[in-house]
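Asker: fold the following, please.
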Amino acid sequence: MTEHISTRVKQVLVDILDIDMDAAEIDDGIPLYSTPISLDSLTLLRLIAALEKAFDCEIDDEAVMTADLVDVASLVELVLGQLSASLT
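Answerer: Numbering: from 1, shown residues only. Below is the predicted model:
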């Protein structure tokens, strides 16, 4: 299931940020704030909204603020954590 979530998160990244890569090519260790992702605060908000829609969940603002979002893997972990929290 984790792999499925990771693939969907990467696809949302590609779609929302218009990254010229296939989602399968995105390595978990790619930094979010450098090429090719080049995330900034505004695109982070758009990305979180798109992830909420894609996973039909609410990603807690506090969780985003306290998460150490440095690479793709940390973004996947944030989504997994929010999905797990919504099941309890």
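Asker: tell me who's in contact with the residue nearest the centre of the chain.
Answerer: For the chain, residue 75 is the residue whose C-alpha lies nearest the centre (Cα atoms, centre = their mean; 4.2 Å). Each residue near residue 75 by Cβ atoms under 8 Å, 6 or more residues apart in numbering is listed here: 9, 13, 32, 47, 69. (C-beta placed from N, C-alpha, C; glycine too.)
Asker: ok, now residue 50?
Answerer: Applying Cβ under 8 Å, 6+ apart, the residues contacting residue 50 are 12, 15, 16.
Asker: which helix or strand contains the closest residue to residue 22 other than its chain neighbours?
Answerer: Once flanking residues are discounted, residue 22 sits nearest to residue 14: 7.3 Å by Cβ to Cβ, 6 or more residues apart in numbering. Counting by DSSP states H and E, the element that carries residue 14 is helix 2-17.
Asker: and the helices in the chain?
Answerer: For the chain, the helices defined by DSSP state H occupy 2-17, 41-55, 61-66, 72-87.
Asker: what's the closest of the ones you listed to residue 28?
Answerer: helix 72-87 (3.9 Å; Cβ to Cβ).
Asker: now the closest one against helix 2-17, angle please.
Answerer: 110 degrees (axes from the mean of the first three to the mean of the last three Cα atoms, to 10 degrees).
Asker: compute the inter-axis angle for helix 72-87 and helix 41-55.
Answerer: Going by the same axes, to 10 degrees, helix 72-87 makes 50 degrees with helix 41-55.
Asker: can you dump the C-alpha coordinates of helix 72-87 into CSV?
Answerer: Once non-C-alpha atoms are left out, helix 72-87 reads as follows in CSV (Å, rounded to 0.1, in the frame of the first residue of the first chain):
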residue,chain,number,x,y,z
VAL,A,72,9.9,13.5,-1.9
ALA,A,73,10.1,10.7,0.8
SER,A,74,9.2,13.2,3.5
LEU,A,75,6.2,14.4,1.5
VAL,A,76,5.1,10.8,1.1
GLU,A,77,5.5,10.2,4.9
LEU,A,78,3.3,13.3,5.6
VAL,A,79,0.5,11.9,3.4
LEU,A,80,0.9,8.4,4.9
GLY,A,81,0.7,9.9,8.4
GLN,A,82,-2.4,11.9,7.6
LEU,A,83,-4.1,8.9,6.0
SER,A,84,-3.3,6.7,9.1
ALA,A,85,-4.6,9.4,11.4
SER,A,86,-7.9,9.7,9.5
LEU,A,87,-8.4,5.9,10.0
